[in-house]
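*Asks:* mind looking at a prediction? Sequence and model below.
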Amino acid sequence: MDIEKVELIAQVSLDINELKDLDILLERILTHVRRFFHADAGSIYLKQEDKLKFSHTQNDTLQERLEPGKKLVYNTFNVPINNDSIAGYVAKNKKVVNITDVYKMDSSKPFTFGSDFDRLSDYRTCSMLTVPMTNQRGEVLGVMQMINAQDDQGHIIPFSNSDEALVQHFAANAALALERAQMTRDIIMRMISMAELRDPKETGAHVNRVAAYSVEIYEAWAVKKGIAEDEIERQKDILRMAAMLHDVGKVAISDMILKKPARLTSDEYEMMKCHSYLGARLFRNARSEFDDMAAEVALTHHDKWNGKGYPGHIDPLTEKSIPGFEGPDGKPVPKKGEEIPLFGRIVAVADVYDALCSRRSYKKAWSEERVLEEIRNCSGTHFDPEVVEAFFSCLDVLRSIVKRYPDEPD
């Protein structure tokens, strides 16, 4: 095994081990492994019970067909862990599969290649290298698949036999980071589950959508602002987790308010508004950027651009106004414009978008046309106009996120 390549894999492993969010990690793992092995495309499947979930994909050829700044849109699906498919076979048998041309496979192989994607996207899959991602206990966490190795001239070539040992080494390191990220996601989802016990609207699907929307909106905003790519990636990792916890303060709100089927009274609404600073209070004594951002998002995602939101300039611990920001009535002065932190402004749009698109016990889901009209109309009042612009610039990706995290059927 080439020592220089092993050292490079070790450097890449250090990079991915710095990431904590699961979705951001999958994207980074796939980017690194494709670059390292000069693969045009690739996918990652995660094991969920007895199936593999198609969780992330990249494809340079298809990306180049898009307008600058646009992203590939893809849907998730499940693959049984059995010998019928290539990914299923790799997960079931914990073996690496290296195929020179998927359309010319030996018929004695137990698995087959599904060509539907190639046909629908006008793409030609040829060489493929698929490897299991296993933890230190030998348990399969997922499957990594690379497609169409390329030479220096961009011609499609087979993956070499030496690639097999290297990609196994890479997959082993990636699996360690993956397992830690899954543990972090599980902890966050348990916190969400506590909130869901109190507020049926606060579901895992809802918070995952809001978090995923927020990351896409932030990236579109940041690219237009010319922010460095490494800074964008670092902030996306923290934002993805923090946005999931935007309403975690609802665990402290009475069931009589959260589950009331009728309109809240003015006093009840005032109590409901407390969830913003109560959520921020959970992250007091911050020890990381995540703690800071989670507190910031929980506190400010209901503040409005025009200064008519809540809770304004309040100290979450004392529940009193920040000195110098008391109104005539002694209450906190509302925050407005850029007084509201960026990530609070972003999550505000993401949260409202998902709430309007979703069916609730007290309302039907709005049509997309009506939702988008509302977002436009609220630009400059409820929402930061630049954030709304970023929202519309990545709308095609946001639509695909809805399909990735569907609500559970009643």
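*Replies:* It's in. What you see is a predicted model, and the numbers here were worked out from it, not measured in a lab.

*Asks:* what stretches of the chain score poorly on pLDDT?
*Replies:* For the chain, the stretches with pLDDT under 70 are 1-17, 195-202, 360-363, 409-410.

*Asks:* tally of neighbours for the residue nearest to residue 117 when sequence neighbours are not counted?
*Replies:* Once flanking residues are discounted, residue 117 sits nearest to residue 123: 7.0 Å by CB to CB, 6 or more residues apart in numbering. Glycine gets a C-beta too; all of them are placed from N, C-alpha and C. For residue 123, the count of nearby residues is 17 (other CB atoms under 10 Å).

*Asks:* give the contact list for residue 387.
*Replies:* The neighbours of residue 387, taking CB atoms under 8 Å, 6 or more residues apart in numbering as the test, are 217, 221, 345-346, 348-349.

*Asks:* ok, which pair from those is furthest apart?
*Replies:* The span of the contacts of residue 387, defined through CB to CB, is set by 221 and 348 at 13.0 Å.

*Asks:* these two - which one has more neighbours?
*Replies:* For residue 221 versus residue 348, neighbours defined as other CB under 10 Å are more numerous around residue 348 (26 against 22).

*Asks:* contact partners for the nearest residue to that one once chain neighbours are set aside?
*Replies:* Using CB to CB, 6+ apart and skipping the chain neighbours, the partner closest in space to residue 348 is residue 301 (5.0 Å). Residue 301 is in contact with 246, 276, 344, 347-348, 351, counting by CB under 8 Å, 6+ apart.

*Asks:* what about residue 30, which SS state?
*Replies:* Under DSSP: H, G, I helix; E, B strand; the rest coil, residue 30 falls in the helix class.

*Asks:* got the contact list for it?
*Replies:* Neighbours of residue 30 in contact, by CB under 8 Å, 6+ apart: 42-44, 56-58, 144.

*Asks:* which of these fall in strands?
*Replies:* 42-44, 56-58, 144 (DSSP state E).

*Asks:* need phi/psi at residue 383.
*Replies:* Here the main-chain torsion angles of residue 383 (degrees, to the nearest 10) amount to phi -120, psi 150.

*Asks:* from residue 408, how far off is it?
*Replies:* Counting by CB to CB, to the nearest Å, the gap from residue 383 to residue 408 is 29 Å.

*Asks:* of these two, give the one with the bigger neighbour count.
*Replies:* Of the pair residue 383 and residue 408, residue 383 is the one with more neighbours under other CB under 10 Å, namely 23 against 7.

*Asks:* my read: the more buried one touches residue 350, true?
*Replies:* No - with contacts counted by CB atoms under 8 Å, residue 383 stays clear of residue 350, the gap being 10.4 Å.

*Asks:* look up how far residue 281 lies from residue 322.
*Replies:* Distance, residue 322 to residue 281, using CB to CB: 15 Å.

*Asks:* which of these two has more neighbours?
*Replies:* residue 281 (18 against 14).

*Asks:* give me the number of residues near the nearest residue to that one once chain neighbours are set aside?
*Replies:* Of all residues not flanking residue 281 in the chain, residue 316 sits nearest, at 4.6 Å (CB to CB, 6+ apart). By the criterion of other CB under 10 Å, residue 316 has 19 neighbours.

*Asks:* list the contacts of residue 316.
*Replies:* Residues in contact with residue 316, defined by CB under 8 Å, 6+ apart, are 277-278, 280-281, 284, 295, 299.

*Asks:* quick one, phi/psi of it?
*Replies:* The phi/psi pair for residue 316 (degrees, to the nearest 10) is phi -60, psi -30.

*Asks:* how much space separates it from residue 322?
*Replies:* 10 Å.

*Asks:* what does residue 163 give?
*Replies:* Distance, residue 163 to residue 322, using CB to CB: 57 Å.

*Asks:* domains in the chain, by residue range?
*Replies:* 3-181, 199-404 (automatic domain parsing).

*Asks:* hang on, the earlier thing: by neighbour count, which of the contacts of residue 30 wins?
*Replies:* Top of the contacts of residue 30 by neighbour count (other CB under 10 Å): residue 144, with 29 neighbours.

*Asks:* that one pairs with what?
*Replies:* residue 44, residue 131 (DSSP bridges).

*Asks:* residues in contact with residue 315?
*Replies:* 321-322.

*Asks:* oops, could you answer that again for residue 50 instead?
*Replies:* Applying CB under 8 Å, 6+ apart, the residues near residue 50 are 80-81.

*Asks:* how about residue 130?
*Replies:* 86-87, 90, 96-99, 143-146.

*Asks:* again, only this time at 7 Å
*Replies:* Contacts for residue 130 (CB atoms under 7 Å, 6 or more residues apart in numbering) come out as 86-87, 90, 96-97, 143, 145.

*Asks:* ok, now how distant is it from residue 37?
*Replies:* When residue 130 is compared with residue 37 (using CB to CB), they lie 12 Å apart.

*Asks:* then residue 156?
*Replies:* 13 Å.

*Asks:* the two: which has the busier surroundings?
*Replies:* residue 37 (19 against 15).

*Asks:* residues contacting the residue nearest the centre of the chain?
*Replies:* With distances taken as CA atoms, centre = their mean, residue 212 lies nearest the centre of the chain, 4.0 Å away. Contacts of residue 212 were listed using CB under 7 Å, 6+ apart, and they are 23, 401.

*Asks:* tell me which element it falls in.
*Replies:* helix 204-225 (DSSP states H and E).

*Asks:* got it, and residue 243?
*Replies:* Assigned by DSSP H and E, residue 243 falls in helix 229-244.
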